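any chance you could fold what I've pasted below:
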Amino acid sequence: MILKSEAIISKNWLTNSKKYFSDLFTANRASGDRFLLFTVLALVLFGLLMVYSASFIFSEERTGDGFAFIRKQFIYACMGFFAMWVSSRVPHQKWYQWAPVAILSVIGMLLLVLIPGVGSRVGGAQRWINFGFFRFQPAELAKIIGVMFVARQLVRHQKDLQDFKRGVVAPITFLIPVMVLLLLQPDFGSTALLAGTTFILMFIAGVRPLFLFGGLFGGGGAAALLIITSPYRMARVMTFIDPWRDPAGKGFQVIQSMLGLHNGSLLGQGLGNGKEKLFFLPEAHNDFIFAVIGEELGFVGVAAVIFAYIFFIYRGLKISWNSLHQRQDRFGFYLGCGITLILGLQAFINMAVVMGLLPTKGLTLPFISYGGSALTLNLFAVGILYSISKSNHASNYGDHYG
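Numbers count the residues shown, from 1 in each chain. Predicted coordinates:
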């Protein structure tokens with residue numbers, strides 16, 4: 001009898017689980033913003049082409065196989081598109097419910113990174129969890145979940161945004177430990193990006209300007225203190241101000257990057273014909289791939305990439321606005337804006353660094369730079385944005401978040 005009862009319970013649990021996941025993935029089948037998908041697909045395919053061009057010689061020298069990096073990037077792209085498909089099938093309202101658990105999970109992952117033997121150190125920074133076949137960077141997930149949690153809190157406290165405790169403290173309660181843990185890696189770029197995006201979201205939501213700009217001055221002071229008390233950050237700032245004071249050392253990467261952009265001229269040297277990637281420009285296939293684009297495809301190629309990101313931001317903000325204007329869905333609005341800003345701002349920060357307009361931050365160029373965690377999770381975030389657009393096309397209804 002006991003075994004029979006256990007069998008019935010197991011069967012019921014299995015049936016309910018199947019029904020839950022079936023409902024979860026079939027509830028959002030409407031078509032979404034195809035312009036967004038085509039833009040992202042074009043950027044990813046272009047990124048594969050440029051990673052191959054930028055990494056072939058370096059990969060051959062380092063591994064004996066010129067195709068090693070592009071092969072991995074192709075696998076990452078496949079993983080990313082699968083992640084995007086999954087997140088696009090999940091109604092975005094579900095993330096309102098899951099955000100608290102997600103932010104606590106992220107904090108746990110960031111703590112794991114700092115444990116010796118679990119976290120993997122590369123280039124002086126401990127930012128990865130090494131699974132052997134794959135290195136995962138929790139900071140990439142932290143940026144997405146961070147804006148998701150802020151979006152949820154802004155909806156929950158929409159009527160109390162003029163109050164300091166509910167309007168400011170509540171949205172950033174769990175962001176503070178996230179940003180502290182990011183700084184301990186250290187990852188100043190991701191911390192600044194998450195803080196900047198949160199500031200914009202709170203401004204859009206209607207938090208009192210007095211609170212926001214007080215926080216801005218306080219955050220600016222904290223950032224200045226972090227820079228002054230950290231020799232490597234101070235060196236980056238001084239290199240930004242005058243890279244030619246140490247052209248063979250700290251300023252080498254930025255100078256080589258600008259030389260690559262200069263050599264590209266209007267039409268570029270031709271795809272595959274760039275010289276900077278031949279061991280002159282460090283991180284040519286990663287953080288500084290935009291310099292390779294400029295050298296090989298010239299101003300025309302650079303302008304096309306910039307236009308693609310502008311168009312991505314336009315589609316993302318349009319999706320977000322429609323969510324609010326058509327359906328009074330504030331969570332969809334804040335979440336869509338957050339995802340669009342976190343990816344769009346990162347793209348323009350990366351390009352500004354490559355052009356010598358900002359100090360180096362260690363941020364990749366979304367969808368284009370080499371990297372498994374970044375590409376997979378960026379596409380996962382795009383899937384959420386596409387899910388919001390599908391909801392806009394499917395129905396008209398208001399907030400149902402409680």
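
render the CA-only coordinates of the helix or strand hosting I176 in CSV, please.
Using DSSP states H and E, I176 maps to helix 175-184. Coordinates of each C-alpha in helix 175-184 appear next as CSV, following Å, rounded to 0.1, in the frame of the first residue of the first chain:
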residue,chain,number,x,y,z
LEU,A,175,22.3,45.7,-4.7
ILE,A,176,24.7,47.0,-2.1
PRO,A,177,26.1,43.6,-1.3
VAL,A,178,26.2,42.7,-5.0
MET,A,179,28.3,45.8,-5.8
VAL,A,180,30.5,45.3,-2.8
LEU,A,181,31.3,41.8,-3.9
LEU,A,182,31.9,43.0,-7.5
LEU,A,183,34.4,45.5,-6.2
LEU,A,184,36.2,42.8,-4.2
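
which other helices and strands does it contact?
Packing partners of helix 175-184 (3 or more CB pairs under 8 Å, 6 or more residues apart in numbering; DSSP states H and E): helix 94-113, helix 138-156, helix 188-205. To be clear about C-beta, it is placed using only N, CA and C from the backbone, and glycine gets the same treatment.

make JSON lines out of the ones you listed and add mean pLDDT, mean neighbour count and distance to L48.
Putting the helices and strands packed on helix 175-184 into JSON lines (pLDDT from 0 to 100; neighbours: other CB atoms under 10 Å; distance: least, CB to CB, whole Å) gives the following:
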{"stretch": "helix 94-113", "mean pLDDT": "94", "mean neighbour count": "17", "distance to L48": "28"}
{"stretch": "helix 138-156", "mean pLDDT": "94", "mean neighbour count": "25", "distance to L48": "19"}
{"stretch": "helix 188-205", "mean pLDDT": "92", "mean neighbour count": "21", "distance to L48": "24"}
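
any chance of a markdown table for these, columns distance to V168?
Below are the helices and strands packed on helix 175-184 laid out as a markdown table (distance: least, CB to CB, whole Å):
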| stretch | distance to V168 |
| --- | --- |
| helix 94-113 | 17 |
| helix 138-156 | 10 |
| helix 188-205 | 7 |
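
quick one, which of the ones you listed gets closest to F56.
Proximity to F56 (CB to CB) singles out helix 138-156 among these, at 25.4 Å.

can you count the residues close to the closest residue to R245 other than its chain neighbours?
Spatially, and ignoring its direct neighbours in sequence, R245 is nearest to G251 (6.6 Å; CB to CB, 6 or more residues apart in numbering). Look at G251: counted by other CB atoms under 10 Å, it has 19 neighbours.

on that earlier part again, tell me which of the helices and strands packed on helix 175-184 lies nearest to P366.
The nearest among the helices and strands packed on helix 175-184, by CB to CB, is helix 138-156 at 10.1 Å.

and the closest one, what other elements does it pack with?
Short answer (3+ CB pairs under 8 Å, 6+ apart): helix 138-156 packs on helix 94-113, strand 125-130, helix 170-172, helix 175-184, helix 188-205, helix 330-354, helix 372-394.

in the helix holding I176, which residues are buried?
L175, V178, M179, L181, L182, L183 (16 or more other CB atoms under 10 Å).

pretty sure I227 is touching V237, no?
Yes: the pair I227 / V237 is scored as a contact, 5.9 Å apart, by CB atoms under 8 Å.

one step back: contacts for the helix holding I176 next, please.
103, 106-107, 110-111, 113-114, 139, 142, 146, 149-150, 190-191, 194-195, 198, 226 (CB atoms under 8 Å, 6 or more residues apart in numbering).

list the buried residues of stretch 50-67.
M50, V51, Y52, S53, A54, S55, F56, F58, S59, G66.

show me the contacts for A151.
By CB under 8 Å, 6+ apart, the neighbours of A151 are A99, L201, F331, Y334, L335, G338.

which two among these are spaced furthest apart?
Pairwise over these, using CB to CB, the maximum falls at A99 and L201, 13.5 Å.

any idea which element A222 lies in?
helix 209-228.

what about that helix, average pLDDT?
For helix 209-228, the mean pLDDT works out to 80.

so what does that helix touch, helix or strand wise?
Judged by 3+ CB pairs under 8 Å, 6+ apart, the packing partners of helix 209-228 are helix 188-205, helix 231-241.

just to revisit the earlier point, can you put the helices and strands packed on helix 138-156 in a markdown table and add distance to L267?
Output for these, formatted as a markdown table (distance: least, CB to CB, whole Å):
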| stretch | distance to L267 |
| --- | --- |
| helix 94-113 | 43 |
| strand 125-130 | 37 |
| helix 170-172 | 47 |
| helix 175-184 | 40 |
| helix 188-205 | 32 |
| helix 330-354 | 19 |
| helix 372-394 | 28 |
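
buried stuff in stretch 262-280?
Within stretch 262-280, the residues scored as buried using 16+ other CB under 10 Å are N263, G264, G268, Q269, G274, E276, K277, F280.

list just the nearest of the residues you listed to M355.
Nearest to M355 among the buried residues of stretch 262-280, counting by CB to CB, is G264 at 11.8 Å.

report the contact partners of that closest one.
Applying CB under 8 Å, 6+ apart, the residues near G264 are G294, E295, E296, L297, G298, F299, G301, V302.

look up how far L297 lies from it.
Going from G264 to L297 by CB to CB, to the nearest Å gives 7 Å.

with W321 instead?
Taking CB to CB, one finds W321 at 33 Å from L297.

go on, V353?
Applying CB to CB, the value for V353 to L297 is 19 Å.

between those two, which has more neighbouring residues?
Per other CB under 10 Å, whichever of V353 and L297 has more neighbours is V353, with 26 against 23.

now do the same contact list for the closest residue to the more buried one other than its chain neighbours.
Closest residue to V353 apart from its sequence neighbours, by CB to CB, 6+ apart: T360 at 5.4 Å. Contacts for T360 (CB under 8 Å, 6+ apart) come out as R236, T239, F240, Q253, V254, D287, V353.
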